[in-house]
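# Show me how the following folds:
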Amino acid sequence: MPVEDILSSRGRIRLLKILCEKGELNISELAKRAELNHTTAISHLKSLQKAGLVEEKRFGRIRIFKINEDDPRVKALKNLFKVFEEYESKEDSA
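Prediction:
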């Protein structure tokens with residue numbers, strides 16, 4: 001999936017940020033934190049999974065999604081999110 005497709009959706013970006021911070025969460029908690037409905041969250045997560053950025057684990061009916069720490073793009077995204085958070089913090093304190 002091209003970077004334009006990944007970063008063109010606020011929902012995907014929110015899900016990635018949450019997973020970068022938390023590591024892994026179940027689908028209900030992810031949807032809640034990203035303020036997305038369940039169907040939309042699943043759709044975005046499937047796209048991110050297909051791109052190799054997210055992995056899914058199943059325990060019966062429970063679906064846990066986690067960030068793929070082995071993917072160098074994930075490391076780059078984590079750095080990008082960190083830089084933006086630092087910049088926003090500086091703006092807020094000014």
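# going forward, measure contacts between C-alpha atoms and count neighbours the same way
OK.
# C20 reaches A76, doesn't it?
No. Under the criterion of C-alpha atoms under 8 Å, C20 makes no contact with A76, lying 10.8 Å away.
# Those two - which one has more neighbours?
C20 (20 against 11; other C-alpha atoms under 10 Å).
# Next one: S8 from M1, what distance?
11 Å (C-alpha to C-alpha, to the nearest Å).
# which of the residues in stretch 20-30 are buried?
Using 16 or more other C-alpha atoms under 10 Å as the test for burial, stretch 20-30 gives 20, 24-25, 27-28, 30.
# And stretch 34-48, by the same measure?
34, 36, 41-42, 44-45, 47-48.
# Tell me the one among these nearest to G60.
For those, the minimum distance to G60 (C-alpha to C-alpha) is 16.9 Å, reached by I42.
# Return the two entries of the buried residues of stretch 20-30 that lie farthest from one another.
Counting by C-alpha to C-alpha, the most remote pair of the buried residues of stretch 20-30 is C20 and S28, 16.8 Å apart.
# if we can go back for a sec, so which of the buried residues of stretch 20-30 is the closest to Y87?
Nearest to Y87 among these, counting by C-alpha to C-alpha, is C20 at 17.9 Å.
# quick one, strands of the protein?
24-26, 54-59, 62-67 (DSSP state E).
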